[in-house]
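Chemist: Quick one: sequence plus predicted model below, questions after.
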Amino acid sequence: MLTKRVKSKTIRESQRHEKDTGSAEVQISVLSRRIEELSSHLKKNPKDQHSRRGLLKMVSKRRKLLNYLKEKQPNVYAKLARKLGL
């Protein structure tokens, strides 16, 4: 689970403007961070099927947001993909 400090830092790094907390870029960044943490949890706990399902749902949601961003703003998509290493 993301701590408040880590989530705030992740949001600050991908904001469009000062009060932006819900744009596609921010959502993708936060999801990517949660996916990283959950992946490391599943490496230690391979039988945790409930968390695995949550991980798959997060990956699916991130993929949908990335597809939306790629269609609407290809240059922003490319910059974000490079930044996050996707």
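Modeler: Perfect, thanks for sending it. Numbering: from 1, shown residues only.
Chemist: Please count neighbours and contacts with C-alpha atoms only from this point.
Modeler: OK.
Chemist: give the contact list for Glu71.
Modeler: By Cα atoms under 8 Å, 6 or more residues apart in numbering, no residues touch Glu71.
Chemist: could you measure it against Ser60, distance?
Modeler: Between Glu71 and Ser60 the distance is 17 Å, computed by Cα to Cα, to the nearest Å.
Chemist: Ser23 too?
Modeler: Distance from Ser23 to Ser60, by Cα to Cα: 17 Å.
Chemist: can you pull the pLDDT of the closest residue to Ala24 other than its chain neighbours?
Modeler: Spatial nearest neighbour of Ala24, excluding adjacent residues (Cα to Cα, 6 or more residues apart in numbering): Leu65 at 6.3 Å. Note on Leu65: pLDDT of 96.
Chemist: For this structure, which segments are assigned as helices?
Modeler: If DSSP state H is used as the criterion, the helices of the chain fall at 4-14, 24-44, 49-72, 74-84.
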